[in-house]
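# Model the structure of this input:
(one chain, ligands or ions: 2)
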Amino acid sequence: MVPPRRIAHLDMDAFFASVELLRYPELRGLPVVVGGGSRHQPVLQPDGTRRFSKLRDYAGRGVVTTSTYEARALGVFSAMGTMKAAALAPEAILLPTDFESYKRYSRLFKAAVAEIVPDIEDRGIDEIYLDLTDHPEETRALGMRLKEAVKAATGLTCSIGIAPNKLLAKISSDLDKPDGLTIVSLEDVPARIWPLSAKKINGIGPKAYAKLTSLGIETVGQLAQADPKLLQEHFGLNSAEWLHRVAHGHDEREVVTRSDPKGVSRETTFERDLHAKHDRDTLSEIFTRLCTRLSEDLHRKRYAGRTVGIKLRYADFRTVTRDVTLPSPTADAAMIRRAAGECLRRVPLEQRLRLLGVRVSALVPLDEAERYRAGEQGELFPG
Ligand code: DCP
Ligand code: MG
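Numbers count the residues shown, from 1 in each chain. Ligands and ions are numbered 1, 2, ... in the order given. Below you'll find the predicted structure:
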């Protein structure tokens, strides 16, 4: 049996707001909201103290980027209209958004983690995945060390979830926020994950959740116990299977690190030079097989790509390439074949050919591409 993996998800606590508190420590413990513009810049007064804007001073159509936990206690959360937030917490401090600073702290915390675990999957400004499987250190000690390294480099706290896969790691990092370290095994799923709302699962968006609740399914546990036929009827076979798998805490996705390849390709040199017209069938068969193999490579490496290209070498050794960029990333053999066929129509084919190659580049993790596609269909996995 393959030993279980150790995947960590690390997410910074109230990230933008916490960065702001580093420069305005006098705001610690107060409800603070980030989402203002330059007119909400604090003003240094003659007595050395600062005058801050309050939410009640806000007029406009902006939204809250994030809020401190004290503001959350008053009902103010990310993505809420700032005017609405002002109605709930008029006395909360409002600060302008300063992306440059958040990006700087983002780089700092990721660099600190990279000193301990070099392979990081970057999931945006304040979250990363790490594969700790091969790290010699004991799980809790390693988790604590990562948190301390982030704190030492930035002055900020984060929350970490460590579990056998990304799905559970992401849910776990949220279980004991802020400043949490939560370790969850597959055996813990019924006790710790099943009581949670199904919308805690990364990939069950508001639409899918609404559909689930209309079927009487609210928690992950209810989803795990749901009749597979009922799910199939409402979500289709693939999504129903996915829902069943994630509800039981299963997820095979790999951590995709920065050192991953720029492109994946397959090429073949023919036993004898082939002519585009006279050897049309043979060539077409080889071409399709290359695309199928490439699709298998991509699935194995868990990538999809937006750019599909071909390489041709003529009998006289001249080489040409062509590529085409698709509206969304793919790893699908038929789609790669179609795009590569399009490229082939754009090269001269009078001469005999020695070699044919197909390449997919502009890679993104496959699960991202799948989410994108399902999102387009307005179903599961939005975002
Ligand atoms: N963010 C944003 N708009 C949103 C959600 C988030 O601008 N709708 C920004 C502000 C957050 C940062 O991204 O600080 C990270 O998002 P998180 O969802 O991780 O939220 P926080 O880090 O603020 O809080 P938590 O402690 O819950 O992780
Ligand atoms: Mg966060």
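# check contacts around the residue nearest the centre of the chain.
By Cα atoms, centre = their mean, the mean C-alpha position of the chain lies nearest to Arg123, the distance being 4.8 Å. Contacts for Arg123 (Cβ atoms under 8 Å, 6 or more residues apart in numbering) come out as Tyr129. (Each C-beta comes from the backbone N, C-alpha and C, glycine too.)
# Let the chain start at 51 from now.
Fine by me, first position is 51 from now on; the one you just mentioned is Arg173.
# Next, give phi and psi for it.
Here is the backbone geometry of Arg173 (degrees, to the nearest 10): phi -110, psi 30.
# Beta-bridge partners for Leu144, please?
With DSSP bridges as the criterion, Leu144 is bridged to Val83, Ser103.
# So which residues on the stretch 51-200 of the chain come close to ligand 1?
Along the stretch 51-200 of the chain, the residues adjacent to ligand 1 under the rule Cβ under 6 Å from any ligand atom are 61-66, 115-116, 128-129, 175-176.
# switch the cut-off to 5 Å
Counting by Cβ under 5 Å from any ligand atom, the residues of the stretch 51-200 of the chain close to ligand 1 are 61, 63-66, 115-116, 128-129, 176.
# quick one: contacts for the nearest residue to Gly131 once chain neighbours are set aside?
In this structure, Gly131 finds its nearest non-sequential neighbour in Val113, 5.7 Å apart by Cβ to Cβ, 6 or more residues apart in numbering. When contacts are counted by Cβ under 8 Å, 6+ apart, Val113 touches 85, 129-132.
# next one: Glu120
79-82.
# just Glu317 next, same as before
Counted by Cβ under 8 Å, 6+ apart, Glu317 has contacts 340, 361, 405-408.
# can I assume it sits in a strand?
Yes: assessed with DSSP: H, G, I helix; E, B strand; the rest coil, Glu317 lies in a strand.
# just to revisit the earlier point, got a PyMOL select line for the buried ones in the contacts of Val113?
To isolate the buried members of those in PyMOL, using 16 or more other Cβ atoms under 10 Å:
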select buried, resi 85+130+132
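# tell me the two of the contacts of Val113 that are most distant?
Ala129 and Thr132 (10.5 Å; Cβ to Cβ).
# so where's the stretch 201-350 of the chain shaky on pLDDT?
Scanning the stretch 201-350 of the chain for pLDDT under 70 picks out the ranges 308-311.
# what's the distance between Asn215 and Ala383?
27 Å (Cβ to Cβ, to the nearest Å).
# the more surrounded of these two?
Asn215 (23 against 19; other Cβ atoms under 10 Å).
# quick one: the residue nearest to the more buried one when sequence neighbours are not counted and Arg352, what's the gap?
Leaving out its chain neighbours, the residue that sits closest to Asn215 by Cβ to Cβ, 6+ apart is Asp301, at 4.0 Å. As for Asp301, its distance to Arg352 is 12 Å (criterion: Cβ to Cβ).
# Same question for Thr204.
Taken as Cβ to Cβ, the span from Thr204 to Arg352 is 30 Å.
# thought Lys220 was touching Ile210?
No: using Cβ atoms under 8 Å, Lys220 makes no contact with Ile210, being 10.8 Å away.
# Now the common contact residues for those two.
His59.
# Tell me which of those two has more neighbours.
Legend: neighbour count by other Cβ under 10 Å for Lys220 and Ile210, higher for Ile210 (26 against 23).
# which residues does the more buried one form a beta bridge with?
Going by DSSP bridges, Ile210 forms beta bridges with Leu60, Leu231.
# before we move on, back to that, what is in contact with Asp301 and Arg352 at once?
Between them, Asp301 and Arg352 share no contacting residue, judged by Cβ under 8 Å, 6+ apart.
# just to revisit the earlier point, please list which of the contacts of Glu317 also come close to ligand 2.
Filtering these for proximity to ligand 2 by Cβ under 5 Å from the ion leaves nothing.
# And these, which is closest to ligand 1?
Among those, Val408 lies closest to ligand 1 (Cβ to the nearest ligand atom), at 38.3 Å.
# any idea whether that closest one is helix, strand or coil?
strand.
# now swap in Phe320 and tell me
Assignment for Phe320 (three-state DSSP): strand.
# so it touches Ile336, yeah?
Yes: with contact defined as Cβ under 8 Å, Phe320 reaches Ile336; the gap is 7.3 Å.
# shared neighbours of those two, anything?
Going by Cβ under 8 Å, 6+ apart, residues that sit against Phe320 and also against Ile336 are Leu406.
# Might one say that Leu348 is in contact with Met385?
No: here Leu348 does not reach Met385: they are 11.0 Å apart, not a contact under Cβ under 8 Å.
# of those two, who's got more company?
Leu348 (23 against 18).
# which residue packs closest to that one, ignoring adjacent ones?
Closest residue to Leu348 apart from its sequence neighbours, by Cβ to Cβ, 6+ apart: Ala381 at 3.9 Å.
# which residues touch the one you found?
345, 348-349, 353-355, 410, 416, 419.
# Which of those are buried? Put it as a PyMOL command.
Selection of buried members from the contacts of Ala381 for PyMOL, criterion 16+ other Cβ under 10 Å:
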select buried, resi 345+348+353+354+355+410+416+419
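# Let's see which of the contacts of Ala381 end up in helices.
If you go by DSSP state H, the contacts of Ala381 have 345, 348-349, 416, 419 in helices.
# Quick one: end-to-end distance for stretch 225-235.
14 Å (Cα to Cα, to the nearest Å).
# same question, stretch 161-178
11 Å.
# how about it, does it reach ligand 2?
Yes: shown here: stretch 161-178 in contact with ligand 2 (Cβ under 5 Å from the ion) through Asp176.
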